[in-house]
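*Asks:* fold the following and give me the result.
(one chain, ligands or ions: 2)
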Amino acid sequence: MKKIGVLFGMENTFPGALVERINSMELDDVRAEFVEVGGVEMAKACPYAVIVDRISHDMPFYRAYLKNAVLTGTQVINNPFWWSADDKFFNYSLAERLGVAVPRTVLLPHKQFPREINQRSVRNLQFPLDWEGIFDYVRFPAFLKPHDGGGWRDVFHVHDREEFFQAYDQTRDLCMTLQAAVNFKEYFRCYVVGQEDVRIMAYDPRRPHEHRYVLEPQVYPKGLLKRVEKDALTLCRALGYDLNTVEFAVEDGVPYAIDFMNPAPDADRYSVGEENFEWIVDKVAKLAVAKVALSGRVPELRWASLLGGSSGASVKGKAKKVAESELAQGTVSVKKTAVKASKGLK
Ligand SMILES: Nc1ncnc2c1ncn2[C@@H]1O[C@H](COP(=O)(O)OP(=O)(O)O)[C@@H](O)[C@H]1O
Ligand SMILES: [Mg+2]
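*Replies:* Ligands and ions are numbered 1, 2, ... in the order given. Take a look at the predicted model:
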């Protein structure tokens, strides 16, 4: 019997519904349950073929438990290694490289240094910063928001330099980004499951929290929805997330991706509404069951190959590829060095 485990925090509706849905499929050799974990013995195989992780971002013990589980062949939704390594600023840069529209964004040094850091530790930092250059690039109005955050915490809408500095002064030792505001007409939140299924949900961030998912039927241009779906898939495939929400703010028909690092997205029946809830429970249940067949394998990261690199090749293989491409371009002297270097890597 293979087990699918669900690991969760405060949420109430999704984890139970997911377990019930998987078990209602009455598969001969698969059962779902809530994960139970205590002290974790190193390198010991995890009893779950698949774990659906909804909470390890808030609980370092769970994150470490999941990494060990991946090592022993458990399929974790989402990959805890990539989730640990990822941040929103990297995601914006990646999106830009992949041709997905994102608002102009700058990464800023912390307003206050982290506790262990003092003036002597930051001698590489430019001081004062070139604020004029930063403001000229981003332009106001803008959003000042953490490079790795969620739940609208520490997000500031700023309209000019004064408002910016007032907000920045409140950001403690957080690492922040400054991003051009999209003056949006439409706004979508998209579930993306298994890097294949997309559910585009109209969302109105200007409404009170409990009414943000627009549940009344809406009509949008087909071309816009197609582009949103395509871009959402491009991002999740590049990032390798199996469960994510991608948020787009649409200005003049252009969907700008503004938040797409949500690997444990809100899936509460009472916020997303009955139909979206049914959809997400169904898709995640099917994905978890499909992943059972992959247990025993360790996942790979994806974005490099999408940018024309080769994420899986050995260092020797990569060096050889560089040498070959340089030979094709006729840069012989570089080629010789590169071939030598690649031979040296035994
Ligand atoms: N560049 C932007 N343009 C317009 N609105 C934005 C922008 N960035 C953030 N917002 C608004 O702030 C909200 C929270 O920001 P977001 O990037 O989604 O962070 P979080 O991960 O905390 O949800 C968004 O839902 C949106 O309403
Ligand atoms: Mg958001």
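*Asks:* what about the residue lying closest to Ala180 once chain neighbours are set aside, distance to Arg207?
*Replies:* Residue nearest to Ala180 in three dimensions, not counting chain neighbours: Pro103, with 4.1 Å by C-beta to C-beta, 6 or more residues apart in numbering. Heads up, the C-betas are built off the backbone N, CA and C, glycines and all. In this view, Pro103 and Arg207 are 22 Å apart by C-beta to C-beta, to the nearest Å.
*Asks:* settle it for me: which of the two has more neighbours?
*Replies:* Set Pro103 next to Arg207 and count neighbours by other C-beta atoms under 10 Å: Pro103 wins out with 18 against 11.
*Asks:* excluding chain neighbours, give the residue nearest to Val192 in space.
*Replies:* Once its chain neighbours are removed from consideration, Val192 has its nearest residue in Cys236; the separation is 4.4 Å (C-beta to C-beta, 6+ apart).
*Asks:* burial measure for the one you found, as a count.
*Replies:* The tally of other residues near Cys236 (other C-beta under 10 Å) stands at 27.
*Asks:* got a pLDDT number for the residue sitting nearest the centre point of the chain?
*Replies:* Within the chain, the residue whose C-alpha comes closest to the C-alpha centroid is Met261; the distance, by C-alpha atoms, centre = their mean, is 2.9 Å. What the model reports for Met261 is a pLDDT of 96.
*Asks:* need the contact list for it.
*Replies:* Applying C-beta atoms under 8 Å, 6 or more residues apart in numbering, we find Met261 in contact with Asp86, Asp87, Lys88, Asn91, Asp148, Gly150, Leu239, Asn244.
*Asks:* for ligand 1, see how far away it is.
*Replies:* Taking C-beta to the nearest ligand atom, to the nearest Å as the measure, Met261 and ligand 1 are separated by 7 Å.
*Asks:* now that residue: which helix or strand?
*Replies:* Met261 belongs to no helix or strand when elements are defined using DSSP states H and E.
*Asks:* quick one, domains of this structure?
*Replies:* Listed by automatic domain parsing, the domain ranges of the chain are 2-85, 104-180, 186-272, 313-344.
*Asks:* so which of the ones you listed gets nearest Leu294?
*Replies:* domain 2-85 (5.3 Å; C-beta to C-beta).
*Asks:* so which of the domains of the chain is nearest Arg297?
*Replies:* Counting by C-beta to C-beta, and looking across all of the domains of the chain, nearest comes domain 2-85 at 6.6 Å.
*Asks:* can the closest one be said to contact ligand 1?
*Replies:* No - no part of domain 2-85 sits close enough to ligand 1 to count as contact by C-beta under 6 Å from any ligand atom; the gap is at least 11.5 Å.
*Asks:* straight-line length of that domain, end to end?
*Replies:* Across domain 2-85, the terminal residues are separated by 29 Å (C-alpha to C-alpha, to the nearest Å).
*Asks:* skipping adjacent residues, who's closest to Pro255 in space?
*Replies:* Leaving aside its chain neighbours, Pro255 sits nearest to Phe248 (3.9 Å; criterion: C-beta to C-beta, 6+ apart).
*Asks:* pLDDT averaged over the helix or strand where that neighbour lies - what is it?
*Replies:* With the criterion set as DSSP H and E, the secondary-structure element containing Phe248 is strand 243-251. With pLDDT averaged residue by residue, strand 243-251 scores 98.
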